[in-house]
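Asks: pasting the structure only:
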């Protein structure tokens, strides 16, 4: 319970630091007998890796992985599945200047206060590099969900003040991977890309929002009271680096509505009970109701900027910091697969928990 | 892990239904030897109870509690502390019409899909009545935190489209309990109260936002990666009934900022390392940095309205529902103590977890 | 995780002290829709209660219980089921002399070292009275297992040096409840009873062994590596008050055997795979194999004796202690239902865990 | 919670199969800033590895390990510490004959019933090879405990019917590693070795007992009720491959004693409260009392024998099995470091849990 594991029955434990030898994940609770599509895992990792476009970090990391346990003859055995991803293209010298200095809005200072001995190189354990392990685990979770035709689609819906307001139902999700910012509206995608290039040129960064839609979850997933499905999704999203906010269904906008507008009336459709609207975001009382689940995650602007900033060192002395290294001007394009992965991990867990109580 | 417990070392387990005999909570992990102020627990429960003003439900519940275990000679022993709250003023007949009908945007349908046999009276286990148990547990958590001068203050910052935009630093928190809506700005409070009365007269309901500030948490609380302090706060808030969104620090607004604007520069002040701004909301890399922690929680409009609504029954047949009973036109005034309670529970847990790793 | 909960998916949390107002248990993970036989719960509690015969404590406790949550119209709802048992026939003055004195081989001293403020009356939280809550929870677990025709039978197989060596297969389990010591061999039962009366007359106590057989568990229950079925049974048994040892299958005697003698050869019988012998005790690699599960639990002599004993007080000064109150001369007759209850709780948990991974 | 993790605050997750690429362990909860002695880890692994003497398996495995995360400049950072151990000297063809056949008293059949797809090579995940990962993790736990002068010493106290009856206080623990069976009495060690060689010559195997003594644990470690220190030790020992029984303090022999003989009287000694005897095995009410903790673990004879045995295949057809490969004639000499490792892991966990509640 020391913070590096997540989930109850489908449970991941990640390990590794940004500038250590490798990162990785142990996945416990993978059903036995599932064929593992390694190409799919690689594809997911490639969506997250740096250097994939000129609006992401120019760091080149292959992010090649190896499944070292839990698989026999290309199928899962039910034993813990371990995936290792080696760290290759790091430049340790990039961080020597940070040994005694706290970068603003990074975890340098808080880790220093918590841990007597810390790995200061590139954020160490606090680096977003850790999320590659989550994406690999998420790919396994997605394989489980695919067997039930559950689809998880995330996309960028805001960069700075450029907002995609179109309801997700009207979007063509096939467009998402057609542009480097991962926005399903090609025109708004262009504006977003321009905006990111603009701040990049300034040596600055910008925030954004990732939206996510989950289709095909049957009614009944999620636990009452504390482990509500949306509460677990909230925790999963908020523990992604740089996340600042989470909302599902009508979200913060919904507070302005009246109950008579907000309520999702039940209707009968093709012998099934459905809702006429979906302000509930597919979850009522913490349990899925069979409608689409959708939510949004806010990400702050990346803390590492190329402009000089004032900070202090461990003695409290003022120092000037200048951004070095190769960093993202905006985190959201690469956050898309991470959001999907964490959503898949939450759902795989609640799928198993649901099975445990059903006849 | 069946969803009715929360926390790792300071761990609460709640039980009970809206229209059963009682509700209650077992609190495990309470330090031994702490004097228990029962009047304080009652005061906290009174802030949450229905019938406290004419903008809350007119249901009268005394919400008197009894501590039945874990206390000896008015002090905690370190054994599980159990608090029982009996259900008195309920009218079971109010719910007979719901036996086979699903109220829109309630948990009726999802519980029906998950549980073969459900207590349909007043939401049963899904009722917000369960939060009284959380408030009682939160009072115990607050007592632990008070010993370290940690203060948790929540207030209403939005009702419908009436927004309190003043930064929390400029508010007088003493004003919060001076009005029935619990907004620290008396003029905006008036507007909010009027708005709630207006929708109430229409037989309708409205949403709102609760803001929360936590002062005095030292640097170093929170765990890396999955149990980040803000991720645990997010889960704690999102599992409150009717919650739809969570944001901390700069939140969703922060996405519009550039890194150079958003970064909180470190400065030395009175021999301490502080930050010049606090867009981080007191948490960096998931760990407290010694600054104020603050966040906001969005609540949807209450689902029970007095206007007729269409719905379906368990056979999928269309039925007309008419709101009965005595319900809140807006949840946020009573959500204030619940938000504080859940925040206190998260912090008490991370306080113990912090102690476990510190010399 | 503060030690008062047990189980993963079927999870009990007990609370209460020997001389407080009540004890009780919250059971999370009870399947919805199960009829609850309250008479059965009472019958189980009666098997554990003091005063049931002249070889148990003469304390009279009715041990009447009340189910206060989780039940609706006599069936479980799937919400936490809470059972309260009030403490009635205690004499607090019996314990005033223990305020500053540590009884030998009790938990007085260790609790004193762990908890700044402790309830010293009758052991407080460390009292075996807590096991009444387990027996109530075990009755619920048994109801779940009965639906699958799983039977759990415990009996006394040793008191002091009087040993029942007959293999369980040759015993008539119907005899168990026919005598007050709960030994299925009437002659050995007589000897055991005489032995207990003898030590009782001396103001002394004696230890014993409880054997347990579980019939009807299908193959496949239990988890690999750390949560092996027998490891969870061991933990469950060893956390019963006064337990000193656990062995399953061939146990300690099995170490003397050769592999060629000990191995349980697989055979085909009625189109089923069975084993010719069952030294494995029904569990192989931590997972049930469909054969009978059986194990033995050693209990030390009760620490409270009526003879004077030397001890020390909290200042380290020597004091003479004289046993007061009404205590058991031998714990095993009343331990029988507790062993069964804990076995049922472990199995109910592994039943749910098994369902979670099976198609 | 799928069975491959152990511990609450000091928590290990092991992974890997006997004949896969590697095995390993992630250790979460390691305090930051501790120097890591890699030579010590190797020494511990060498005590467990096969091929170390002519009474163990002749399989040659170097069991070289690599710490791949959680360490920076030779000190722990507080991040998860991951240790990998590659599998080198296995002969997969040794197991082809087992693809469809269930070895008696192995986990072959139960895994087959639980998992649709299993790795049948050498037991796969159920192989005792997994314990190498525990020994590595135990070495880290020991380093934590050494800082408090806590010593954990295990030794072989029985092989077949050859028993070392000497009380541990009279043994010279320095003798343990002086002979290949790890018994601190050189004469009895000789007898044990002869016995093992004898059964080995017959192509058979024999069981044994490992005793363990823990010195230096202060009073107050362990949790009440369910997570009693000895209950966690019992679970830790019983989940070691081939374990059949656990007893602590007076154990099964203690049941023959009277309370007046068994009780450990408190005495004052050098201004400290001690006990005159230690039948309690250093634990009272589940919490350490400052005396030595000691316990015994029974291990069955190794299931793989070189003699032909009858069994069945997955179709239920009778087949003759002949032992192949290189196996141990007796497990206890190599179980010694595993018992110590698991004890260390339990204590490191309870050390952190103790810190969490102490001022």
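Replies: Yep, it's here. Keep in mind that what you see is a predicted model, and the values were worked out from it rather than measured.

Asks: now do the same contact list for the closest residue to chain C within the stretch 1-150 of chain A.
Replies: Per C-beta to the nearest C-beta, residue A:9 is where the stretch 1-150 of chain A lies closest to chain C, at 5.3 Å. Where you see a C-beta, it was placed from the backbone N, CA and C, and this is true even at glycine. Neighbouring residues of residue A:9 by C-beta atoms under 8 Å, 6 or more residues apart in numbering or on different chains: A:29, A:349, A:352, A:353, A:356, C:9, C:353, C:356, C:357, D:1, D:2.

Asks: and the furthest pair within these?
Replies: Greatest spatial distance among the contacts of residue A:9 (C-beta to C-beta): A:349 and C:353, at 13.5 Å.

Asks: for the stretch 151-300 of chain A, which segments count as strands?
Replies: Using DSSP state E, counting those that start in this stretch, the strands of the stretch 151-300 of chain A run over A:151-159, A:162-163, A:208-215, A:243-248, A:266-269, A:272-275, A:283-284, A:287-288, A:293-299.

Asks: mean neighbour count and mean pLDDT added to these, as TSV?
Replies: Below are the strands of the stretch 151-300 of chain A laid out as TSV (neighbours: other C-beta atoms under 10 Å in any protein chain shown; pLDDT from 0 to 100):
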stretch	mean neighbour count	mean pLDDT
strand A:151-159	25	98
strand A:162-163	19	98
strand A:208-215	23	98
strand A:243-248	29	98
strand A:266-269	17	94
strand A:272-275	18	95
strand A:283-284	28	98
strand A:287-288	28	98
strand A:293-299	27	98
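
Asks: does the lowest-mean-pLDDT helix or strand in chain A come close to chain B?
Replies: The helix or strand of chain A with the poorest confidence is strand A:318-322; it has a mean of 89 (mean pLDDT, DSSP states H and E). Yes: shown here: strand A:318-322 in contact with chain B (C-beta under 8 Å from any C-beta of the partner chain) through residue A:318.

Asks: helices and strands around the next helix-or-strand element following that strand, which ones?
Replies: Sequence-wise, the next helix or strand downstream of strand A:318-322 (DSSP states H and E) is helix A:332-357. On a contact count with 3 or more C-beta pairs under 8 Å, 6 or more residues apart in numbering or on different chains; DSSP states H and E, helix A:332-357 meets helix A:38-48, helix A:131-146, strand A:151-159, strand A:208-215, helix A:229-238, strand A:293-299, helix C:332-357.

Asks: so which of those is the most surrounded?
Replies: Ranked by mean neighbour count, these are led by helix A:229-238 with a mean of 28 (mean count of other C-beta atoms under 10 Å in any protein chain shown).

Asks: and it with chain B, contact?
Replies: Yes: Helix A:229-238 is in contact with chain B by C-beta under 8 Å from any C-beta, via A:230, A:231, A:232, A:234, A:235, A:236, A:237, A:238.

Asks: gap between residue A:233 and chain D?
Replies: 20 Å (C-beta to the nearest C-beta, to the nearest Å).

Asks: OK, contacts around the nearest residue to that residue once chain neighbours are set aside?
Replies: Excluding its sequence neighbours, the residue lying closest to residue A:233 (C-beta to C-beta, 6 or more residues apart in numbering or on different chains) is residue A:346, at 5.4 Å. Contacts of residue A:346 were listed using C-beta under 8 Å, 6+ apart, and they are A:7, A:229, A:232, A:233, A:236.

Asks: sorry, back to before: reformat the helices and strands packed on helix A:332-357 into a markdown table and put distance to residue B:244 next to each item.
Replies: A markdown table is the format used below for the helices and strands packed on helix A:332-357 (distance: least, C-beta to C-beta, whole Å):
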| stretch | distance to residue B:244 |
| --- | --- |
| helix A:38-48 | 28 |
| helix A:131-146 | 24 |
| strand A:151-159 | 17 |
| strand A:208-215 | 15 |
| helix A:229-238 | 8 |
| strand A:293-299 | 10 |
| helix C:332-357 | 30 |
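
Asks: need the strands of the stretch 151-300 of chain A in CSV (columns: distance to chain C).
Replies: Shown next, in CSV, are the strands of the stretch 151-300 of chain A (distance: least, C-beta to the nearest C-beta, whole Å):
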stretch, distance to chain C
strand A:151-159, 21
strand A:162-163, 41
strand A:208-215, 21
strand A:243-248, 24
strand A:266-269, 21
strand A:272-275, 19
strand A:283-284, 16
strand A:287-288, 11
strand A:293-299, 21
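
Asks: now those as CSV including distance to residue D:223?
Replies: What follows is the strands of the stretch 151-300 of chain A, written out as CSV (distance: least, C-beta to C-beta, whole Å):
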stretch, distance to residue D:223
strand A:151-159, 40
strand A:162-163, 51
strand A:208-215, 39
strand A:243-248, 34
strand A:266-269, 47
strand A:272-275, 46
strand A:283-284, 36
strand A:287-288, 33
strand A:293-299, 38
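
Asks: could you measure from residue A:242 over to residue C:285?
Replies: 44 Å (C-beta to C-beta, to the nearest Å).

Asks: where does pLDDT dip in chain A?
Replies: A:1, A:89-94, A:325, A:359 (pLDDT under 70).

Asks: list the single closest residue to the residue in it positioned nearest to chain C in space, sequence neighbours excluded.
Replies: Closest residue of chain A to chain C, C-beta to the nearest C-beta: residue A:356 (3.9 Å). Counting by C-beta to C-beta, 6+ apart, residue A:356 lies nearest to residue C:356, which is 3.9 Å off, once chain neighbours are set aside.

Asks: ok, now which ones touch the one you found?
Replies: Contacts of residue C:356 (C-beta under 8 Å, 6+ apart): A:9, A:352, A:353, A:355, A:356, C:9.

Asks: ok, those residues vs chain B, which is closest?
Replies: residue C:9 (6.1 Å).

Asks: ok, and the closest non-adjacent residue to that closest one?
Replies: With C-beta to C-beta, 6+ apart, the residue lying closest to residue C:9 is residue C:352, at 3.8 Å.

Asks: what bridges to residue A:267?
Replies: residue A:274 (DSSP bridges).

Asks: surely residue A:348 is in contact with residue A:144?
Replies: Yes: if you go by C-beta atoms under 8 Å, residue A:348 and residue A:144 touch, sitting 5.0 Å apart.

Asks: mutual contacts of these two, please.
Replies: With C-beta under 8 Å, 6+ apart, residue A:348 and residue A:144 have common neighbours residue A:10.

Asks: from the stretch 251-359 of chain A, which residue is nearest to chain D?
Replies: Closest point on the stretch 251-359 of chain A to chain D, by C-beta to the nearest C-beta, is residue A:352, at 8.6 Å.

Asks: for the contacts of residue C:356, give me CSV that also has distance to residue D:251.
Replies: Output for the contacts of residue C:356, formatted as CSV (distance: C-beta to C-beta, whole Å):
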residue, distance to residue D:251
A:9, 36
A:352, 39
A:353, 39
A:355, 41
A:356, 36
C:9, 32
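
Asks: nearest to residue A:279 among those residues?
Replies: Taking C-beta to C-beta as the measure, residue A:279 lies nearest residue A:353 of those, at 25.6 Å.

Asks: so what's the closest one closest to, chain neighbours aside?
Replies: Using C-beta to C-beta, 6+ apart, the closest residue to residue A:353 is residue A:9 (5.7 Å).

Asks: any idea how far residue C:194 is from the one you found?
Replies: Residue A:9 is 51 Å from residue C:194, by C-beta to C-beta.

Asks: could you pull up phi and psi at residue A:327?
Replies: phi -120, psi 170 (degrees, to the nearest 10).

Asks: can you tell me how far the closest residue to chain B within the stretch 51-200 of chain A is from chain D?
Replies: Residue of the stretch 51-200 of chain A nearest chain B, by C-beta to the nearest C-beta: residue A:107 (2.3 Å). Distance of residue A:107 to chain D, computed by C-beta to the nearest C-beta: 12 Å.
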